[in-house]
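# with the input below, show me the fold.
(chains A, B, C and D)
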There are 2 protein chains.
Amino acid sequence: MPNNQFKRGELYSFITGVASTAIARRLQKNFKTNGVEITIEQWSVLYHLWKQDGVNQQELCNATFRDKPSITRLVDNLEKLKLVRRVSSKEDRRRNLIFLTETAKKLQDQSMDLANQTLNEALEGVPSADIELCKSVLQKVYDNLK
Amino acid sequence: MPNNQFKRGELYSFITGVASTAIARRLQKNFKTNGVEITIEQWSVLYHLWKQDGVNQQELCNATFRDKPSITRLVDNLEKLKLVRRVSSKEDRRRNLIFLTETAKKLQDQSMDLANQTLNEALEGVPSADIELCKSVLQKVYDNLK
DNA sequence: TCGAATTAGTTGCATAACTAACAATATGCC
DNA sequence: GGCATATTGTTAGTTATGCAACTAATTCGA
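Numbers count the residues shown, from 1 in each chain, chains lettered A, B, ... in the order given. A predicted model of the protein is given here:
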């Protein structure tokens, strides 16, 4: 029964399922119990906007590894929540530049603290060198496939 | 701008976004171009059933790290595709035992080959020891949070 | 300069995720 | 035996994902 055919599949389960869903669920839960009323997907978009806003949707696609329709809808929902606004670019009218609202700016510190707490919990007992190596393996996987 | 607040968040992006979505998309694409007409989520359920069928939905939840409604619907869709059937357990009538159909059994070899191919592509150039370490880090993350 | 190709974003459709609330069955304690 | 509790699975509602097809704006080349 420990069929050779399954060995790589186990790895697939690990990479795509185990750790990412566990972290995502815990982070979502921590947001909720602390009154941060956004989804983790919305957070992952805000995360890039806190570093720099006024970028277009395509740049958010690249930064978050999502396709264009996904970003269109995430920005739709963030706009409904009055956390971002779309501003049409004057240089290239095809582009929407995405800006944070004051409300969104106020969310940054609290939600980043919760994210860091969650990741510290997640990574407790894992040496920094292992974390870095793991990150480089995942980056390599991404580069191989993109 | 390379704010200390963001360091752990990068790792979050890597674990939840980069590698898992890249592998998932590539695998889905490889399924499609080879005429395997199932989603990767359906495949991940079949994957466990190929190892052993006749298990109940709760066991599939544990094996695939999904919640119960997700498994209910995945099994619904697999049943529509005539790949599995639900059989009520005689010992405990709350339980649905999930069995593979002949059609599903025929899918195993081809889809596992495609999955292995995809993972070989994904992991090309990554030493086995690094893969094992990466897997153990992800397992540790899961154990820390579950 | 005009038409083809490219780029940015949106919409429709199907599938899948999580939460919460629920029904049915089983278990366990008194 | 009977009631509280736990377990198994479903349904409803919202959000998110991927693909395909589409519009609008820009760029590039003959």
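# roughly how far apart are the residue positioned nearest the centre of chain A and residue A:64?
The centre of chain A sits closest to residue A:44, judged by C-alpha atoms, centre = their mean, with a distance of 3.1 Å. Between residue A:44 and residue A:64 the distance is 6 Å, computed by C-beta to C-beta, to the nearest Å. Glycine gets a C-beta too; all of them are placed from N, C-alpha and C.
# check residue A:116 too.
According to C-beta to C-beta, residue A:116 stands 19 Å off from residue A:64.
# for chain A, what spans make up the strands?
Under the criterion DSSP state E, strands of chain A are mapped to A:55-56, A:84-88, A:96-100.
# the top helix by length along chain A near chain B at all?
Criterion DSSP state H: the longest helix present in chain A is helix A:102-122. Yes - counting by C-beta under 8 Å from any C-beta of the partner chain, chain B has neighbours in helix A:102-122: A:109, A:112, A:115-116, A:119-122.
# over to stretch A:25-32?
Yes - judged by C-beta under 8 Å from any C-beta, stretch A:25-32 comes into contact with chain B through A:25-27.
# which of these tops the neighbour count?
Tallying neighbours with other C-beta atoms under 10 Å in any protein chain shown puts residue A:27 at the head of the residues of stretch A:25-32 next to chain B, with 26 neighbours.
# out of residue A:116 and residue A:64, which sits in the busier spot?
Between residue A:116 and residue A:64, counted using other C-beta under 10 Å, residue A:64 has the larger neighbour count: 20 against 17.
# tell me if I'm right that that one and residue A:46 touch.
No - using C-beta atoms under 8 Å, residue A:64 makes no contact with residue A:46, being 10.4 Å away.
# burial of the residue lying closest to residue A:96 once chain neighbours are set aside, as a residue count?
Distances taken as C-beta to C-beta, 6 or more residues apart in numbering or on different chains place residue A:86 nearest to residue A:96, at 4.3 Å, with adjacent residues excluded. Neighbour count for residue A:86, taken as other C-beta under 10 Å: 15.
# one more: residue A:90?
Number of residues near residue A:90 (other C-beta under 10 Å) recorded here: 8.
# equivalent analysis for residue A:140, please.
18.
# so what's it up against?
Going by C-beta atoms under 8 Å, 6 or more residues apart in numbering or on different chains, residue A:140 touches B:123, B:125-126.
# contacts only, for residue A:30.
By C-beta under 8 Å, 6+ apart, the residues touching residue A:30 are A:114, A:117-118.
# pLDDT wise, what is it at?
Looking at residue A:30, its pLDDT stands at 86.
# how about residue A:18?
The model's pLDDT for residue A:18 equals 60.
# enumerate the residues of chain A near DNA strand C.
Counting by C-beta under 7 Å from any atom of the strand, chain A comes close to DNA strand C at A:21, A:25, A:28-29, A:32, A:56-58, A:68-69, A:71-73, A:75-76, A:86, A:92, A:94-96.
# if we use 6 Å, what do you get?
Taking C-beta under 6 Å from any atom of the strand as the contact definition, chain A meets DNA strand C at A:21, A:25, A:28-29, A:56-58, A:68-69, A:72, A:75, A:94-96.
# tally of neighbours for residue A:74?
Per other C-beta under 10 Å, the neighbour tally for residue A:74 reads 21.
# contacting residues around the closest residue to it other than its chain neighbours?
Using C-beta to C-beta, 6+ apart and skipping residues adjacent in sequence, the residue nearest residue A:74 is residue A:45, 5.2 Å away. With contact taken as C-beta under 8 Å, 6+ apart, residue A:45 is in contact with A:60, A:64, A:71, A:74-75, A:78.
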